[in-house]
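>>> no sequence on hand, only this structure:
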């Protein structure tokens, strides 16, 4: 499906995740974060950049892998992206929902 986020037309899957990372912008991320009730800080941007890098390198994501990234630990990851951290972080980062997410 196609919708407009932050003034840009983007393609989303049925769960609301971007289907093309090339359409992602920081403005789109900000609007998705607001919808997901996540405050974007310097640390959340670091996590988002790391998640995008892992996706580009075709490294499957898990919460455990994020916790071992050196960017954040699991406790902080849950604090940055409450109520489903990997789902929310992935959605904000503009990548599909990781297979490890229910």
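Everything's here; your move. Not measured: the values here are computed from a predicted model.
>>> identify the residues contacting the helix ranked longest in the chain?
In the chain, assigned by DSSP state H, the helix with the most residues is helix 42-56. Here helix 42-56 makes contact (C-beta atoms under 8 Å, 6 or more residues apart in numbering) with 21, 24, 29, 33, 38, 61, 65-66, 69, 71-72, 76-77, 80-81, 89-90, 92-95. Just so you know, the C-beta spots here come from the backbone N, C-alpha and C atoms, and that holds for glycine as well.
>>> pLDDT averaged over it - what is it?
Mean pLDDT, helix 42-56: 96.
>>> returning to that earlier point: any of the contacts of helix 42-56 buried? List them.
The neighbour count (16 or more other C-beta atoms under 10 Å) marks 24, 29, 33, 38, 61, 65-66, 69, 71-72, 77, 80-81, 89-90, 92-95 as buried among these.
>>> okay, which residue is most central for this structure?
The centre of the chain sits closest to residue 90, judged by C-alpha atoms, centre = their mean, with a distance of 2.4 Å.
>>> who's in contact with that one?
Going by C-beta under 8 Å, 6+ apart, the list of residues near residue 90 reads 17, 51, 61, 96-98, 101.
>>> one more: residue 100?
By C-beta under 8 Å, 6+ apart, the neighbours of residue 100 are 60-63, 86.
>>> what do you get for residue 16?
Taking C-beta under 8 Å, 6+ apart as the test, what residue 16 contacts is residue 91.
>>> distance of it from residue 1?
In this view, residue 16 and residue 1 are 9 Å apart by C-beta to C-beta, to the nearest Å.
>>> what is the mean pLDDT for the helix or strand residue 91 falls within?
Using DSSP states H and E, residue 91 sits within helix 85-93. Per-residue pLDDT over helix 85-93 has a mean of 96.
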